[in-house]
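A predicted structure for the sequence below; I have some questions about it.
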4 protein chains.
Amino acid sequence: MLPVPVYATMAFAYQRTIHFADTDAAGVAFFANVPAICHEAYEEALSAAGIDLGAFFRDNGVVIPISKCEAEYLRPLQCGDKVGVSLRPKALSENSFEITFEVTRLGPPPKSAALVKTVHVCIDSKTRRRREIPGAIAAWMRTS
Amino acid sequence: MLPVPVYATMAFAYQRTIHFADTDAAGVAFFANVPAICHEAYEEALSAAGIDLGAFFRDNGVVIPISKCEAEYLRPLQCGDKVGVSLRPKALSENSFEITFEVTRLGPPPKSAALVKTVHVCIDSKTRRRREIPGAIAAWMRTS
Amino acid sequence: MLPVPVYATMAFAYQRTIHFADTDAAGVAFFANVPAICHEAYEEALSAAGIDLGAFFRDNGVVIPISKCEAEYLRPLQCGDKVGVSLRPKALSENSFEITFEVTRLGPPPKSAALVKTVHVCIDSKTRRRREIPGAIAAWMRTS
Amino acid sequence: MLPVPVYATMAFAYQRTIHFADTDAAGVAFFANVPAICHEAYEEALSAAGIDLGAFFRDNGVVIPISKCEAEYLRPLQCGDKVGVSLRPKALSENSFEITFEVTRLGPPPKSAALVKTVHVCIDSKTRRRREIPGAIAAWMRTS
């Protein structure tokens, strides 16, 4: 029996092509652009859950900045490569959560190209004090 | 009779969402990111025509750098906005061509957000002398 | 007598190195990053004139978005190249101005690498109606 | 006696201003741009050690891609903020090394804004097999 690929078991898949602007003079996606591509998948997932991105990412008193990011690069990505990004959010506390991403170079055969994790902390943008995660985000996490 | 929107009459439409990374502290897409989004549409058009992007944009002896770019910004684009990019290539000489792009903020109703033009010159990457546009690109221009 | 290089006669010179992140898989600075580098020079010029960039580029009721941008690429720029950017602002009307930039690849000998022009329009960010250029910007233009 | 700031004890300091293009619609530097700024400091450090960046970052048979990146964000960075980046390389094996970066928002008083770590693995770009770190890089690590 073939193993179920990790890619197929994850909650959300965002697909896009590696653009020329993502690459650097070594001919592959610049390392810092890979977490940025994962953030696009996060945005798409929020949008698919009915969250208004324009309002969400603007400073409206509550902001949810990224406090940590870890990336592991497994395979180079070249201009024209098709990638899928899967993600899984997990609450860490009343005011923080993490998202685990897998970037897969779509095949055939698909191959894992990067693993990324981001930690997000919900704060009041004026006082910079932690505050509760907004209900819409909490709901998105429960259903993802 | 309603006029046919320019958007609907153009040859190729690439769609994508304005990402958080495209925006700046004024809350809208940074001006230089709009021509970059148009370049993505160019890449998608080449790819749809069967051209291997990885090989095309690498330096393989023949490169087709952009020699000019003009952009006119008509409306701000915010994170989460859906845009469509239409493009039309036109040969200028045996070794140069221009591409006209229209970036439309998809509605309803759709509204033109930016007009961009790029001029491309085909050169030998070693000598930097002009040379003939490769056949696959010339064919793409004829059918677009 | 040697001619005075254009570079030496312009009003403001910002210097920086072409970073790896500026480049693409063709091995040179991605075309859209060149106007972005010019914008850095604009920011440095405003800052040198005592203008608070944080406040200026945030939306404070008055915004001065770029309405047009033109770029002409004369020479490729590679990772590690040192460039100087000169700029000259010019009022176009009570509520708009243009800035002419020259990007020089510092030598020896220095060589012009790109010419960029941006047009800026001052508007009320709520109504999107044109309004007068703020005094600090007008003063900067007179002395540049 | 005042404590010596961490910033002052580190090996190399690269300074630059947070640009408008670094920011996003939340008004602060986009998270993925902070590791990119650290990479600029790495490039400057290599360049200061006499290493030709153009040749180093091009694919010349030996490439040293980043295999891991970790970032911790301590304070938001706004357009116009001056930052200093200190770095310290450390060999991990014959063919890998890590670099620890600290991004400091220059004051007064200076405040630590981000901690970043990158792991680099030296490989043959054709076979993708690990190989020895080039002598010039090994020498740079010993003296940094």
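Yep, it's here. All values derive from a computational prediction rather than experimental measurement.

And for stretch A:137-144, what's in contact with it?
A:11-12, A:45-46, A:49, A:51, A:64, A:87-91, A:97, A:122, A:133 (C-beta atoms under 8 Å, 6 or more residues apart in numbering or on different chains). Any C-beta I mention is one placed from the backbone N, CA and C, and that applies to glycine too.

redo that, cut-off 10 Å
A:10-12, A:45-46, A:48-51, A:56, A:62, A:64, A:87-91, A:94, A:97, A:99, A:120, A:122, A:132-134 (C-beta atoms under 10 Å, 6 or more residues apart in numbering or on different chains).

Distance check, residue A:20 against chain B.
Plainly put, residue A:20 is 5 Å away from chain B if you go by C-beta to the nearest C-beta, to the nearest Å.

again, but for residue A:44
Distance, residue A:44 to chain B, using C-beta to the nearest C-beta: 7 Å.

That residue belongs to a helix?
Yes. Note on residue A:44: a helix contains this position according to DSSP: H, G, I helix; E, B strand; the rest coil.

That one contacts residue A:84, correct?
No. Contact criterion C-beta atoms under 10 Å: residue A:44 and residue A:84 do not qualify, at 11.6 Å.

Now the common contact residues for those two.
Residues touching both residue A:44 and residue A:84 (C-beta under 10 Å, 6+ apart): A:12-16.

Quick check: phi and psi at the residue positioned nearest the centre of chain A.
Central residue of chain A (C-alpha atoms, centre = their mean): residue A:38, 3.5 Å from the mean position. The phi/psi pair for residue A:38 (degrees, to the nearest 10) reads phi -60, psi -40.

what sits against it?
A:14, A:69, A:71, A:85-87, A:99-103, A:114-118, D:32.

need the contact list for residue A:133.
Neighbour list for residue A:133: A:62, A:64, A:91-97, A:120-122, A:139-141 [criterion: C-beta under 10 Å, 6+ apart].

So which of those residues are in helices?
When the contacts of residue A:133 are checked against helices (DSSP state H), the matches are A:139-141.

so, if you compare those residues, which one comes nearest to residue D:109?
residue A:141 (37.8 Å; C-beta to C-beta).

Could you count how many residues lie near that closest one?
Other residues lying near residue A:141 total 15 when counted by other C-beta atoms under 10 Å in any protein chain shown.

Who is the residue lying closest to residue A:87 once chain neighbours are set aside paired with across the strands?
The shortest distance from residue A:87 to any non-neighbouring residue, by C-beta to C-beta, 6 or more residues apart in numbering or on different chains, is to residue A:101 (4.8 Å). For residue A:101, the beta-bridge partners under DSSP bridges are residue A:87, residue A:116.

Quick check: which ranges of chain A have low pLDDT?
Within chain A, the ranges that satisfy pLDDT under 70 run A:1-12.

Residue A:27 belongs to a strand?
No. Counting by three-state DSSP, residue A:27 is not part of a strand but coil.

Buried ones in the host helix or strand of residue A:114, by neighbour count?
Secondary structure from DSSP states H and E places residue A:114 in strand A:111-121. Buried residues in strand A:111-121, counted by 16 or more other C-beta atoms under 10 Å in any protein chain shown: A:113-121.

From residue D:55, how far off is the residue lying closest to residue A:23 once chain neighbours are set aside?
Leaving aside its sequence neighbours, residue A:23 sits nearest to residue C:25 (C-beta to C-beta, 6+ apart; 3.9 Å). According to C-beta to C-beta, to the nearest Å, residue C:25 and residue D:55 sit 17 Å apart.

Neighbour count for the two, which is higher?
Taking other C-beta under 10 Å, residue C:25 and residue D:55 do not tie; residue C:25 has more neighbours (27 against 11).

thinking that one is in contact with residue A:24, fair?
Yes. Using C-beta under 10 Å, residue C:25 is in contact with residue A:24, at 7.2 Å.

and for those two, which residues touch both?
Common contact partners of residue C:25 and residue A:24 (C-beta under 10 Å, 6+ apart): none.

Flag every residue of chain A that's near chain B.
Within chain A, the positions adjacent to chain B are A:16-23, A:25, A:27-28, A:33, A:35-37, A:39-40, A:42-44, A:46-47, A:51-59, A:78-82 by C-beta under 10 Å from any C-beta of the partner chain.

repeat that with 6 Å
Chain A comes close to chain B at residues A:19-21, A:36, A:40, A:43, A:53-54, A:57, A:78-80, as judged by C-beta under 6 Å from any C-beta of the partner chain.

right, is stretch A:48-67 up against chain D?
Yes. If you take C-beta under 6 Å from any C-beta as the test, stretch A:48-67 does meet chain D, through A:57-59, A:63, A:66-67.

out of those residues, who has the most neighbours?
Most surrounded of the residues of stretch A:48-67 next to chain D: other C-beta under 10 Å gives residue A:57, at 24 neighbours.

my guess is that one meets residue B:20, correct?
Yes. Under the criterion of C-beta atoms under 6 Å, residue A:57 makes contact with residue B:20 at 5.0 Å.

overlap in contacts of those two?
Taking C-beta atoms under 6 Å, 6 or more residues apart in numbering or on different chains as the criterion, residue A:57 and residue B:20 both touch residue B:79.

Contact residues of chain A facing chain D?
So chain A meets chain D at A:25-27, A:31-32, A:35-36, A:57-59, A:63, A:66-73 (C-beta under 6 Å from any C-beta).

Next step: these restricted to strands.
A:63, A:66-73 (DSSP state E).

one step back: list buried residues within the contacts of residue A:133.
Buried residues within the contacts of residue A:133, counting neighbours by 16+ other C-beta under 10 Å: A:62, A:64, A:95-97, A:120-122, A:140.

Greatest separation within these: which pair is it?
Farthest apart among these by C-beta to C-beta are A:121 and A:140. That separation is 16.4 Å.

Quick one: name the residues of chain A near chain C.
Residues of chain A lying near chain C (C-beta under 6 Å from any C-beta): A:20-21, A:23-25, A:27, A:30, A:79.

can you rerun that using 8 Å?
Contact residues (C-beta under 8 Å from any C-beta of the partner chain) of chain A with chain C: A:20-21, A:23-28, A:30, A:32, A:78-79.

Tabulate these in TSV, adding columns for distance to residue B:128.
Formatted as TSV, the residues of chain A next to chain C follow (distance: C-beta to C-beta, whole Å):
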residue	distance to residue B:128
A:20	20
A:21	23
A:23	22
A:24	22
A:25	18
A:26	22
A:27	20
A:28	25
A:30	26
A:32	31
A:78	25
A:79	22
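
Could you list which residues are in contact with residue A:19?
If you count contacts by C-beta under 8 Å, 6+ apart, residue A:19 has them with A:79, B:36, B:39-40, B:43.

Now with 6 Å, please.
residue B:40.

ok, now the one 5 residues further on?
Contacts for residue A:24 were tallied using C-beta under 6 Å, 6+ apart; they are A:30, C:20, C:23.

now it: how far from residue A:92?
Here the criterion is C-beta to C-beta. By it, residue A:24 lies 33 Å from residue A:92.

What of residue A:69?
Per C-beta to C-beta, residue A:69 is found 14 Å from residue A:92.

same check, this time on residue A:118
Residue A:118 sits 11 Å away from residue A:92, going by C-beta to C-beta.

now swap in residue A:133 and tell me
For residue A:133 relative to residue A:92 (C-beta to C-beta), the value is 10 Å.

Also residue A:74?
Applying C-beta to C-beta, the value for residue A:74 to residue A:92 is 25 Å.

Same question for residue A:26.
Residue A:26 sits 35 Å away from residue A:92, going by C-beta to C-beta.

Can you report how many residues lie near residue A:129?
Residues lying near residue A:129 (other C-beta under 10 Å) number 8.

distance of it from residue C:103?
As judged by C-beta to C-beta, residue A:129 and residue C:103 stand 44 Å apart.

before we move on, what about residue A:21?
Residue A:21 sits 19 Å away from residue C:103 when distances are taken as C-beta to C-beta.

who's more crowded, these two?
With neighbours defined as other C-beta under 10 Å, residue A:21 and residue C:103 compare such that residue C:103 has more, 27 against 22.

so what's the more buried one closest to, chain neighbours aside?
Nearest non-adjacent residue to residue C:103, counting by C-beta to C-beta, 6+ apart: residue C:114, 4.1 Å away.
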